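J.: need the 3D shape of this:
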Amino acid sequence: MIAAALLSGCATQNDAVALSNRISDQQKQINALSVRLQSAEHRLSQQESAFRSEQTQNSSYCYLNGVKYSQGSVFAGRICDGSSGSVAWRLYSHR
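T.: As a prediction, the model looks like this:
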């Protein structure tokens, strides 16, 4: 692009140098943005991994009003039960 501008005679050497410097600056900005993007992607990946891990751990608990209860907990006539494969509150009956 610079060579074409010089060959056509519509740009001076100073114009070409200025254009080259601007292109170099833009390349540096692109590289910096690329590094920031990679860093953000890495952080997001870590957060997603932590979230999945937490979800897996929390899948063995029952929740009531934001409070976590372990399996076997009895509250208000219900028991936190995971015998059917998924943990949920079920009606509790004294057997």
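J.: which residues does the closest residue to Gly77 other than its chain neighbours contact?
T.: Leaving aside its sequence neighbours, Gly77 sits nearest to Tyr92 (Cβ to Cβ, 6 or more residues apart in numbering; 5.7 Å). (Each C-beta comes from the backbone N, C-alpha and C, glycine too.) By Cβ atoms under 8 Å, 6 or more residues apart in numbering, the contact set of Tyr92 is Val74, Gly77, Arg78, Ile79.
J.: of those residues, buried ones?
T.: Arg78, Ile79 (16 or more other Cβ atoms under 10 Å).
J.: any idea how the protein splits into domains?
T.: The chain breaks down by automatic domain parsing into domains covering 1-58, 61-95.
J.: deepest of those, which one?
T.: domain 61-95 (a mean of 12; mean count of other Cβ atoms under 10 Å).
J.: any idea how far the helix ranked longest in the chain is from the chain center?
T.: In the chain, with assignment by DSSP state H, the single longest helix is helix 13-58. The gap between the average C-alpha position of helix 13-58 and the chain average comes to 14 Å, counting by Cα atoms, centre = their mean, to the nearest Å.
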